[in-house]
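> What shape does this take:
(one chain, ligands or ions: 3)
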Amino acid sequence: MSSKGPEGEHPSVTLFRQYLRIRTVQPKPDYGAAIAFLEERARQLDLKCQKIEVVPGYVITVLTWPGTNPALPSILLNSHTDVVPVFEEHWSHDPFEAFKDPEGYIYARGTQDMKSVSIQYLEAVRRLKEEGHHFPRTIHMTFVPDEEVGGHKGMELFVHRPEFQALRAGFALDEGLANPTDAFTVFYSERSPWWVRVTCTGKPGHGSRFIEDTASEKLHKVMSSILAFREKEKQRLQSNPGLKEGAVTSVNLTKLEGGVAYNVVPATMSAGFDFRVAPDVDLKAFEEQLQSWCRAAGDGVTFEFIQKWTEPRVTRTDDADPWWAAFSKVCKDMNLTLEPEIFPAATDSRYIRAVGVPALGFSPMNRTPVLLHDHNERLHEAVFLRGIDIYTRLLPALASVPALPADS
Ligand SMILES: CSCC[C@H](NC(C)=O)C(=O)O
Ligand SMILES: [Zn+2]
Ligand SMILES: [Zn+2]
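Ligands and ions are numbered 1, 2, ... in the order given. Okay, the predicted model is just below:
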């Protein structure tokens, strides 16, 4: 372990704060600075560093610690480098200063989502290397761009590249969410984002008349059907304490478009919906449901997908699965309570799982309110440091999982 910094700060915290100061904020992230930071980490830790440009300007940085048995599939530790925008006027401190208050809370965009995890991976690897450990499986740390806007220029492309195949990932860790209780949440699946635009056409005319068959009355019908479905799912969630948010399908009306003037009945109106479809839903039947809501609203009602994920996957969380057994045993040994859940939104894990690599979403932050994408996103330094301890136990266990039948 290196010595404490000038203010008595733990060097891992100092490194975390340095990374937080890099402005990888959407919509114009400074990816160059993040890559330079990661290259320097690779140099310091004596790790191989690869850079794979999947689209001009969009680079995946891969830091590799080779295992003693390269024939075995590897462990992939993924994190994204970009962060979401801020409303600076609502922050009590500059979101890119990484201010630490006297109690130890670090304020910055990315403290939870997910620069903490990137540094925790790096610091756990540093500790294990310094202690002289070697493990059978190779550990790759991937640092990817573009996650906050859907990963379409990041992980979505990377998983189909030969360089990804060459990593031979057998199991992956990616981001999760904080948990305000003493427990840690771990995500084994995700809901599928379906962004749907419904367009209605109808008779136009003067705004003073009772016109029949208007676009707006059809849109009203579709909206009523969809919002009734929303209410039903909400009730199902609220009346069943065993269900968590990710286990039901949610929908929100997020866009309304149409109209030209107050006294003109428009010929076209449209609405945008953000559906998050639970992984156990029959997607074909659900699409037919959408069709039937539109049909029931009258002629001239169509819908299109702006975003449609159709490959939900569930990573095993039973003790017969060697990855889950290794992960959960470490948590048990450390007296950590796990709450397995379905991620309510979408992360890069969906791309990893879709190519057949089991993945768990885990950001080790307990006793921490969920502040991702929020004002005053913050993390206590003690929680951050405990996360490094957790990875320092998880990585040896995962990288020592014996060969599976599928590995031979
Ligand atoms: C569908 S691509 C957008 C991805 C985004 N992810 C998160 C974590 O907010 C979301 O779920 O809306
Ligand atoms: Zn994230
Ligand atoms: Zn995010």
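
> burial measure for the residue in the stretch 51-200 of the chain positioned nearest to ligand 2, as a count.
The stretch 51-200 of the chain approaches ligand 2 most closely through Asp113 (4.1 Å), counting by Cβ to the ion. (Glycine included, C-beta is placed from N, CA and C.) The number of residues packed around Asp113, counting by other Cβ atoms under 10 Å, is 26.

> Kindly report the same for Glu212.
Number of residues near Glu212 (other Cβ under 10 Å) recorded here: 9.

> I'd assumed Asp82 was in contact with the residue of the stretch 51-200 of the chain closest to ligand 2.
No. No contact is recorded between Asp113 and Asp82 when judged using Cβ atoms under 8 Å, the distance being 9.8 Å.

> so how far is Glu217 from the residue of the stretch 51-200 of the chain closest to ligand 2?
Asp113 sits 42 Å away from Glu217, taking Cβ to Cβ, to the nearest Å as the criterion.

> cool, Val277 as well?
Counting by Cβ to Cβ, the gap from Val277 to Glu217 is 28 Å.

> Also Gln44?
Counting by Cβ to Cβ, the gap from Gln44 to Glu217 is 65 Å.

> So what touches stretch 94-112?
Here stretch 94-112 makes contact (Cβ atoms under 8 Å, 6 or more residues apart in numbering) with 9, 13, 16-21, 23-25, 83-84, 86, 88, 91-93, 115-116, 177-178, 363, 365, 368, 370-372, 376-382, 384.

> Look up the closest residue to the residue nearest the centre of the chain, ignoring the ones flanking it.
Central residue check for the chain by Cα atoms, centre = their mean: the C-alpha nearest the mean position is that of Thr347, 2.8 Å away. Excluding the flanking residues, the one nearest Thr347 by Cβ to Cβ, 6 or more residues apart in numbering is Glu175, at 5.5 Å.

> can I assume that neighbour is in contact with Gly361?
Yes. Using Cβ under 8 Å, Glu175 and Gly361 qualify as a contacting pair, with a distance of 5.6 Å.

> Can you check which residues contact both of those two?
Both Glu175 and Gly361 are contacted by 347, 349, under the criterion Cβ under 8 Å, 6+ apart.

> Now do the longest helix seen in the chain, average pLDDT.
Secondary structure of the chain read by DSSP state H shows that its longest helix is helix 215-239. The pLDDT scores in helix 215-239 average 98.

> What of stretch 93-101?
The average of the pLDDT scores along stretch 93-101 is 98.

> how long is it from one end to the other?
10 Å (Cα to Cα, to the nearest Å).

> Kindly report the same for stretch 133-147.
Note: stretch 133-147 ends 32 Å apart using Cα to Cα.

> So which bits of that stretch are buried?
Residues of stretch 133-147 classed as buried: 135, 137-147 (neighbour count, 16 or more other Cβ atoms under 10 Å).

> Next, give me the two most distant ones among those.
Phe135 and Asp146 (30.4 Å; Cβ to Cβ).

> Which residues of the stretch 251-400 of the chain lie near ligand 1?
With Cβ under 6 Å from any ligand atom as the criterion, the stretch 251-400 of the chain meets ligand 1 at residues 307, 345-347.

> what about Gln280, neighbour count?
I think there's a mix-up here, since residue 280 is Asp and not Gln. 12.

> what sits against it?
Applying Cβ under 8 Å, 6+ apart, we find Asp280 in contact with Ala247.

> Would you agree Thr249 is in contact with Asp282?
No. Applying Cβ under 8 Å as the test, Thr249 and Asp282 come out as separate, 11.4 Å apart.

> Neighbour count: the two, which is higher?
More neighbours surround Thr249 than the other of Thr249 and Asp282, with 22 against 10 (other Cβ under 10 Å).

> so how far is ligand 1 from that one?
The spacing between Thr249 and ligand 1, counted by Cβ to the nearest ligand atom, to the nearest Å, is 14 Å.

> For that residue, give me its contacts.
Thr249 makes contact with 191, 229, 233, 275-278, 281, 286 under the criterion Cβ under 8 Å, 6+ apart.

> Of the residues of the stretch 251-400 of the chain next to ligand 1, grab the buried ones for ChimeraX.
Buried members of those, identified by 16+ other Cβ under 10 Å, are gathered into one ChimeraX selection as follows:
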select :346,347
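
> ok, of the residues of the stretch 251-400 of the chain next to ligand 1, which one's closest to Leu256?
Gln307 (18.0 Å).

> My read is that that closest one contacts Trp194, right?
Yes. Taking Cβ under 8 Å as the contact criterion, Gln307 and Trp194 are neighbours in contact, 6.7 Å apart.

> which residue ranges form the helices in the protein?
Along the chain, counting by DSSP H, helices occupy 11-20, 31-45, 115-130, 155-158, 162-167, 215-239, 283-296, 322-333, 349-354, 381-398.
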